[in-house]
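**Q** My questions concern the predicted model and sequence given below.
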Amino acid sequence: YAFFGIISTGLEFLVFALLYRIMPYLWANIIAFHCGLICSFLLNRNINFKKEDKTVIRFASFYLVQIICLALNSLILYLCIDLGHWNPLIAKGFSIG
């Protein structure tokens, strides 16, 4: 479970690192977060828990919880980058933690 979390988090950070220079950082965060979210869901569903039934219901409940995390993550980025003038990559690493 932790291994898949590391993979998903790494993907999220990588996508953010590639995108924040070419678009507003909050948009980059939303895209990156969703990449990590989908990666995490698929890895855990297919390999860790091996559950292939009720996929839509399972994804919807997972997604609703993750939207709260995305909002908190975006708030932390805003506070660190716009108000604290942090480097976006440092702020993203902090927000993931």
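**A** Perfect, I can see it now.

**Q** Might you report the residue contacts of residue 57?
**A** Counting by CB atoms under 8 Å, 6 or more residues apart in numbering, residue 57 touches no other residue. Quick note: C-beta positions are derived from backbone N, CA and C, even for glycine.

**Q** Could I get the phi/psi values of residue 53?
**A** The phi and psi torsions at residue 53 (degrees, to the nearest 10) take the values phi -90, psi 160.

**Q** ok, now how distant is the residue positioned nearest the centre of the chain from residue 7?
**A** Per CA atoms, centre = their mean, the C-alpha nearest to the average position across the chain is that of residue 33, at 2.7 Å. From residue 33 over to residue 7 the distance is 15 Å, taken as CB to CB, to the nearest Å.

**Q** separation between the closest residue to residue 51 other than its chain neighbours and residue 21?
**A** Using CB to CB, 6 or more residues apart in numbering and skipping residues adjacent in sequence, the residue nearest residue 51 is residue 45, 5.7 Å away. Applying CB to CB, one obtains 32 Å for the distance of residue 45 from residue 21.

**Q** So which of the two has more stuff around it?
**A** Taking other CB atoms under 10 Å, residue 45 and residue 21 do not tie; residue 45 has more neighbours (17 against 9).

**Q** hang on, the earlier thing: my read: the residue nearest to the centre of the chain touches residue 9, true?
**A** No - taking contact to mean CB atoms under 8 Å, the distance of 10.4 Å between residue 33 and residue 9 leaves them out of contact.

**Q** Distance from the top helix by length along the chain to the middle of the chain?
**A** Under DSSP state H, the helix in the chain containing the largest number of residues is helix 55-78. Computed by CA atoms, centre = their mean, to the nearest Å, the separation of helix 55-78 from the middle of its chain amounts to 8 Å.

**Q** got it, and stretch 89-97?
**A** Here the centre of stretch 89-97 is set off from its chain's centre by 11 Å, with CA atoms, centre = their mean.

**Q** which residues sit against that stretch?
**A** Counting contacts by CB under 8 Å, 6+ apart, the residues touching stretch 89-97 from outside are 9, 12-13, 16-17, 20, 29, 73, 76-77, 80-81, 84, 86.
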